[in-house]
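> okay, predicted coordinates and the sequence, questions at the end:
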2 protein chains.
Amino acid sequence: MKPTIRDVAKMAGVSISTVSRVMNAPETVVESKRLKVLDAIEELKYQPNSFARGLIYRKSFTLGLLIPDIENMYYAGMIRGMQDACIKLGYSLMICNTDRDPERLLSYIDAFHEKQVDGIVFASDMLFPEYYDKLVGCRIPFVMVSSHSDEYDIPSVEVDDEAAAYDAVKFLIELGHKQIGMLGFNDVNSIAGPPRIEGFARALKEFGLEHNLEKVKYASHRFEHAYEASHELFSEYPDTTAVFCVADEFAMGAISYLKDRNVLVPGQVSVVGFDNVRMAGMFIPKLTTIAQPIYELGYRSAEQLHELVTTGSVKVTREKMKHRLIVRESTRER
Amino acid sequence: MKPTIRDVAKMAGVSISTVSRVMNAPETVVESKRLKVLDAIEELKYQPNSFARGLIYRKSFTLGLLIPDIENMYYAGMIRGMQDACIKLGYSLMICNTDRDPERLLSYIDAFHEKQVDGIVFASDMLFPEYYDKLVGCRIPFVMVSSHSDEYDIPSVEVDDEAAAYDAVKFLIELGHKQIGMLGFNDVNSIAGPPRIEGFARALKEFGLEHNLEKVKYASHRFEHAYEASHELFSEYPDTTAVFCVADEFAMGAISYLKDRNVLVPGQVSVVGFDNVRMAGMFIPKLTTIAQPIYELGYRSAEQLHELVTTGSVKVTREKMKHRLIVRESTRER
DNA sequence: ACTGCACTTGAAAAGCTTTTCAAAAAAGGA
DNA sequence: TCCTTTTTTGAAAAGCTTTTCAAGTGCAGT
């Protein structure tokens, strides 16, 4: 049986109130007793019961994180950032992987509700009314990361997807490429999808390359699908010399496809990715990519949630973080 | 303010005991009241307070997971497995990433203790006396995954590292390779390290290739280090034609190094990895590797922990799961 | 109509901590 | 030494649920 505050009190020969005080306001108890209590705590390895505490404070000091796919390398860095922020702010973190299953997401919200998490960070997904209603029904504060909501006024942190895509495509154009394709997210409800298409389009128009606008194929988050989509793209437009991919994993899929067809990257085709996951620098060739500040995104969203939880609102509700282009080995001048 | 059982009781015009009963033993309350209560619950979106519940049950229905490095792809699959098992068994999962920092690990144990997790799964690390003492001091049941303890009698699930390494090296030998190197874990306290070296040695001896025994270089879990270690290996033994790597990430590091030196894989050198992380099938060339049942390892360890938590012991304390060799594109006959 | 029984229901206690309030002790001043 | 003020301490309540126990209701049998 775990020791309780009573056991500590008995061992130290004081009342439970005194024990509680040495833990929460040590300066109010005389040194002699304080030391006895501290010894007893040490001796019994006493740890206050967080259920009893939670009951009083009405706080669990736990944050929940909802991510669509834990096997996507993108989230590993984000989790690290969030966890570091949580340590700094005194929270524990409960990570739940929805596998992009709405049912599962909803049931995780229930779990969070029951566990009384103090707040939730909602990653990447689109905030459907169904989710929103449930969340506000449960009265759980939440923020969004790598996503945002136009319908509801929810704090969020993300990168400027349109500008980032524009930069990537502009880079390709400046390299001299004229036949440029794109691999986008086929998810109808993708948050990052549309703005990245817009960025692609804007760059194309700006440089009078509108004939590429239709060269977009879609894949659903995974390597294999990107491989397939590349096949479609290059079958339909065999003269394509550069591809902008909305995820590093897509870039890897594209490069694998090209490799299997014996076309050289970057020799014959240039490929640029998006995210700069850790693997981007390990792949062969190393990926030129748009880097998102992944760790910082996670860190910041936890901070933002903390702000929301403690003050009831956040100062900057729609925060943007800077992306940057990292030129490595998957692109070349034409 | 979140609604409590009192609010539900008031709305339904019954006592709180009755409300509690419709949730925990519905058959004991007459239908008319039960329906009223159910309506009230629905109406208020009432969710029982898990603090109060935990206080009574002395259970949190939460499991803790301690992993060394969330950015290592190996753990993503494991987490998926554990999380699926947790859903099945009615637990929540709290994942903590120690970044291989003992201090941090210890402080996470404190956090788990305070949060009263019902049990902990301890992944990959070596169980130092310091950890063990703390865990038993906290009276938290725990199991180990991809690891085990020789000193203490702790339930564990893992792969047979010695046999797996043996199989990998034997495969290389049967391919006709005579000059075989190895990239191992440099971590002195690695659990998987020594048996994999032994497996390497056993295969070598069995086929009279003892002259390779010294061709082992060490790296510390990351791509960059494996790249460095490859440099050492090939500088010292330039005639090496095959490398056995104890992690897929090491294999990628080796292949990258070789690529930078313009040596072809598998054309001139064959490389075999270990783990079969998702990326193994995405890399160029796709990795030949020893596959661990990563998802199952995670799933099983959660089941095992559940068994330990509920019954106080487990039937099979040192469980082994089957590995298998997956031949892809990074190896070739000599 | 009454007794006995089974079934329902509500009151109260327990689980552990924090905090308020009042009492006790100590310290300081005269 | 006595009184006032400050500091320190303990008792008790609150926070929310489950569960035990006793009381209440309704029904069947005689």
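That came through, no problem.
> drop to CA atoms for contacts and neighbour counts, all remaining ones
Fine.
> need the per-residue pLDDT for residue A:62.
We have a pLDDT of 94 for residue A:62.
> correct me, but it touches residue A:94?
Yes. Contact status for residue A:62 versus residue A:94: in contact at 7.0 Å, counting by Cα atoms under 8 Å.
> what about the residue of the stretch 51-200 of chain A found nearest chain B, neighbour count?
Residue nearest to chain B within the stretch 51-200 of chain A (Cα to the nearest Cα): residue A:51, separated by 4.4 Å. Counted with other Cα atoms under 10 Å in any protein chain shown, the neighbours of residue A:51 add up to 26.
> helix/strand/coil for it?
helix (DSSP: H, G, I helix; E, B strand; the rest coil).
> for it, what are its contacts?
Neighbouring residues of residue A:51 by Cα atoms under 8 Å, 6 or more residues apart in numbering or on different chains: B:50-52, B:54-55, B:115.
> mind running it again at 6 Å?
B:51, B:55 (Cα atoms under 6 Å, 6 or more residues apart in numbering or on different chains).
> that one and residue B:50: what is the separation?
8 Å (Cα to Cα, to the nearest Å).
> check residue A:18 too.
For residue A:18, the distance to residue B:50 - Cα to Cα - is 27 Å.
> how many neighbours does the closest residue to DNA strand C within the stretch 51-200 of chain A have?
Nearest residue of the stretch 51-200 of chain A to DNA strand C (Cα to the nearest atom of the strand) works out as residue A:52 at 3.9 Å. Look at residue A:52: counted by other Cα under 10 Å, it has 14 neighbours.
> now do it against residue B:94, distance only.
20 Å.
> now residue A:242
43 Å.
> the more surrounded of those two?
Comparing residue A:242 with residue B:94 by other Cα under 10 Å, the one with more neighbours is residue A:242, at 28 against 21.
> list the beta-bridge partners for the more buried one.
residue A:180, residue A:270 (DSSP bridges).
> got a list of what it touches?
A:180, A:269-271.
> restrict these to contacts with DNA strand C.
Applying Cα under 7 Å from any atom of the strand, the subset of the contacts of residue A:242 adjacent to DNA strand C is empty.
> which one (most neighbours) among these?
Busiest of these [other Cα under 10 Å] is residue A:271, holding 30 neighbours.
> okay, that one: pLDDT?
For residue A:271, the predicted pLDDT is 97.
> which residue does the stretch 101-250 of chain A have closest to DNA strand D?
residue A:114 (9.3 Å).
> repeat that for the stretch 201-334 of chain A.
For the stretch 201-334 of chain A, Cα to the nearest atom of the strand, closest residue to DNA strand D: residue A:309, 17.8 Å.
> roughly how far does residue A:252 sit from DNA strand C?
51 Å (Cα to the nearest atom of the strand, to the nearest Å).
> where's that residue, which helix or strand?
Using DSSP states H and E, residue A:252 sits within helix A:248-260.
> who are the packing partners of that helix?
Counting by 3 or more Cα pairs under 6 Å, 6 or more residues apart in numbering or on different chains; DSSP states H and E, the packing neighbours recorded for helix A:248-260 are helix A:223-236, strand A:270-275.
> buried set for it?
By 16 or more other Cα atoms under 10 Å in any protein chain shown, the buried positions in helix A:248-260 come out as A:248-258.
> now do it, average pLDDT.
Per-residue pLDDT over helix A:248-260 has a mean of 97.
> then stretch A:312-321?
Rounded mean pLDDT across stretch A:312-321 is 90.
> dump the C-alpha coordinates for stretch A:89-106 into CSV.
Taking C-alpha atoms only, stretch A:89-106 is exported to CSV below (Å, rounded to 0.1, in the frame of the first residue of the first chain):
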residue,chain,number,x,y,z
LEU,A,89,5.9,24.4,-17.5
GLY,A,90,5.2,21.5,-15.1
TYR,A,91,2.9,19.4,-17.2
SER,A,92,2.8,15.8,-18.2
LEU,A,93,2.0,15.0,-21.8
MET,A,94,-0.5,12.4,-23.1
ILE,A,95,0.1,11.6,-26.7
CYS,A,96,-2.7,10.0,-28.7
ASN,A,97,-2.3,8.8,-32.3
THR,A,98,-5.6,8.9,-34.2
ASP,A,99,-4.4,7.1,-37.3
ARG,A,100,-6.6,9.6,-39.1
ASP,A,101,-9.6,7.8,-37.8
PRO,A,102,-12.4,10.3,-36.8
GLU,A,103,-14.0,7.7,-34.5
ARG,A,104,-10.7,7.2,-32.7
LEU,A,105,-10.1,10.9,-32.5
LEU,A,106,-13.5,11.4,-30.9
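> which residue, other than its chain neighbours, is closest to the residue in chain A positioned nearest to DNA strand D?
Per Cα to the nearest atom of the strand, residue A:29 is where chain A lies closest to DNA strand D, at 3.3 Å. Once flanking residues are discounted, residue A:29 sits nearest to residue A:22: 6.6 Å by Cα to Cα, 6 or more residues apart in numbering or on different chains.
> what does residue A:106 give?
residue A:131 (7.0 Å).
> buried ones in the helix or strand that neighbour falls within?
Per DSSP H and E, residue A:131 falls inside helix A:129-138. Neighbour counts over helix A:129-138 (16+ other Cα under 10 Å) mark A:134-135, A:138 as buried.
> do it and DNA strand D meet?
No. Applying Cα under 7 Å from any atom of the strand, one finds helix A:129-138 separated from DNA strand D by no less than 13.0 Å.
> which strands and helices sit next to whatever helix or strand comes next after that helix?
On the C-terminal side of helix A:129-138, the closest following helix or strand by DSSP H and E is strand A:142-145. For strand A:142-145, the elements it packs on are strand A:119-123, strand A:156-159, judged by 3+ Cα pairs under 6 Å, 6+ apart.
> JSON lines for those, including mean pLDDT, mean neighbour count and distance to residue B:222?
Below are those laid out as JSON lines (pLDDT from 0 to 100; neighbours: other Cα atoms under 10 Å in any protein chain shown; distance: least, Cα to Cα, whole Å):
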{"stretch": "strand A:119-123", "mean pLDDT": "95", "mean neighbour count": "25", "distance to residue B:222": "27"}
{"stretch": "strand A:156-159", "mean pLDDT": "96", "mean neighbour count": "25", "distance to residue B:222": "28"}
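> looking at those strands, spot the one closest to residue B:305.
strand A:119-123 (27.2 Å; Cα to Cα).
> could you list the paired strands of that closest one along with their orientation?
Paired strands of strand A:119-123, defined by DSSP bridges, are strand A:62-67 (parallel), strand A:142-145 (parallel).
> between helix A:129-138 and that strand, find me the angle.
170 degrees (axes from the mean of the first three to the mean of the last three Cα atoms, to 10 degrees).
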